[in-house]
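> what would the 3D arrangement of this be:
(one chain, ligands or ions: 1)
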Amino acid sequence: MIKAKKSLGQNFLVDRRVARRIVDAVSPQPRDLIIEIGPGRGALTGLLADRAGLLVAVEIDSRLAGELRDKVTGERVTIIEADALKIDWAELIERAAVALQRPGNPDESTPRARVVANLPYYISTPIIERLIEARRSIMDMTLMLQSEVVDRITSEPGGRQYGYLSVYVQLYCEARKLFEVKPSAFRPAPKVRSAVVRLAVRDRLPIEAADEAEFLRVVRVAFAQRRKTISNNLKAAASSLRFACPIEAALERAGIAPTRRAETLSLAEFDALYDALCVMRDA
Ligand code: SAM
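Model (predicted):
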C-alpha cells in the first residue's frame, strides 16, 4: 500500500457512498470530456471513467499515477503525471477534446471539459485561479474543498465570509455548494471539514468591465483591510490603482456611501464603482 504524503495533501477518500454521491452530482455523459485533478488512489476515477466519453486524470505523484494506470484501464482513460499548477490547461483540454470528436463529424463543436477534483487544500485557490484562466475550455467544475473555502466562494454580500475570492469566482462562475463531507470519509482524516461545490462557468460575464484585471485590482484593494471603510481602503491604495480622481467623488457617482465596507457591496455595485473611476479618470 502506497503511504500518503502529507506534503502533497494526500487525504484519500475511502467512503464509497461519498464517492458515488460526487460522481452522481457530476452526472458524466457519454460525450463528456472529464478532467480529474489529483486522482490519488482512484476513489472517483473508475466511477467517472465508467460514464464519461473520455477521462484525463492529472496526478503529480508518480507512485499513484503508476498504480492508477494498472487499476483504471481502457482507451477512454489517460493518466498524466504532471503538476496541476504548471499544466497549460487550455492546450491539454483542446488536445483531449479533439480525440473525443467522432471521426467523420468535423462540424461537431469541440466539447468543453468538465473538471472534477478532490483538491489538495493547500493549493486549492491557485488551482481554481488556473482553471478560471482556462475557463473558455471548461463547462463546469465539481470540486471538493475545505468547507471554509466553499463558504467564502459561495458567500453573498453582507455575509461574514464574503470577500475577494467570492467576487472573483462569482464573476466567472455560478457557484453552488452541494454538500458537506465529514473528515471520517478520508484516510488519513483531515483536520478540517470538507464540502463539494459546483462552479458552472458563465457564458457571459454579469458585468461589462472595460478591463477585468483592473476591475479585480480595485476589488482586491477594497477588501484590503476588512475593518476599514471602502473609502479608506481605496484612498490608501490610490497611487497603485492609478485613478487620479477623488475617491469620494467616484463613490458618490456610483451611489455608494463612503462609510460602507467592501463586504456589503454586490458585484453590480463594484461594477458601478469601477465604471465611475474609469469615467472620471478619462474625463
Ligand atoms: N482524488 C483522490 C481521492 O478523492 O481520494 C485523492 C485526493 S487527495 C486530497 C489530493 C490528490 O492530489 C493526491 O493524490 C495528490 O498526490 C494530488 N496532488 C497534490 N498536488 C498536486 C498537483 N500540484 N498536481 C496534481 N496533483 C496533485
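
> burial check on the closest residue to residue 184 other than its chain neighbours, number of neighbours?
Distances taken as CB to CB, 6 or more residues apart in numbering place residue 15 nearest to residue 184, at 7.6 Å, with adjacent residues excluded. Every residue, glycine included, has its C-beta placed from N, CA and C. For residue 15, the neighbour count with other CB atoms under 10 Å is 15.

> what's the distance between the helix of greatest length in the chain and the middle of its chain?
Counting by DSSP state H, the longest helix found in the chain is helix 267-282. Distance of helix 267-282 from its chain centroid, counting by CA atoms, centre = their mean, to the nearest Å, is 26 Å.

> show me what counts as buried in it.
267, 269, 270, 271, 272, 273, 274, 275, 276, 277, 278, 280 (16 or more other CB atoms under 10 Å).

> using the three-state scheme, assign the most centrally placed residue in the chain.
The residue lying closest to the centre of the chain (CA atoms, centre = their mean) is residue 128, at 3.3 Å. Following DSSP: H, G, I helix; E, B strand; the rest coil, the label given to residue 128 is helix.

> find the nearest non-adjacent residue to it, please.
Residue 128 sits nearest to residue 169 (CB to CB, 6+ apart), 6.8 Å away.

> can you tell me the helix or strand for that neighbour?
Using DSSP states H and E, residue 169 maps to helix 164-172.

> contact partners of that helix?
For helix 164-172, contacts defined as CB atoms under 8 Å, 6 or more residues apart in numbering pick out 125, 128, 132, 135, 149, 152-156, 159, 175, 199, 201-202, 205-207, 212, 216, 219-220, 223, 267, 270.

> likewise for stretch 276-283?
Contacts for stretch 276-283 (CB under 8 Å, 6+ apart): 210, 218, 241, 242, 243, 244, 245, 249, 250, 251, 253, 254.

> cool, and stretch 130-144?
Against stretch 130-144 from outside (CB under 8 Å, 6+ apart): 13, 22, 25-26, 84-85, 87, 89-90, 93-94, 97, 111-119, 124, 128, 168-169, 172-173, 178, 181, 194-201.

> tell me what the helix or strand bottoming out on mean pLDDT in the chain is packed against?
Across the helices and strands of the chain, the lowest-confidence element by mean pLDDT, DSSP states H and E is helix 238-241, at a mean of 78. On a contact count with 3 or more CB pairs under 8 Å, 6 or more residues apart in numbering; DSSP states H and E, helix 238-241 meets helix 212-222.

> buried stuff in the helix it packs on?
Here helix 212-222 shows 214, 215, 216, 217, 218, 219, 220, 221, 222 as buried, counting by 16+ other CB under 10 Å.

> any idea of the mean pLDDT for that helix?
Here helix 212-222 scores 94 as its mean pLDDT.

> please consider this matter closed, and thank you.
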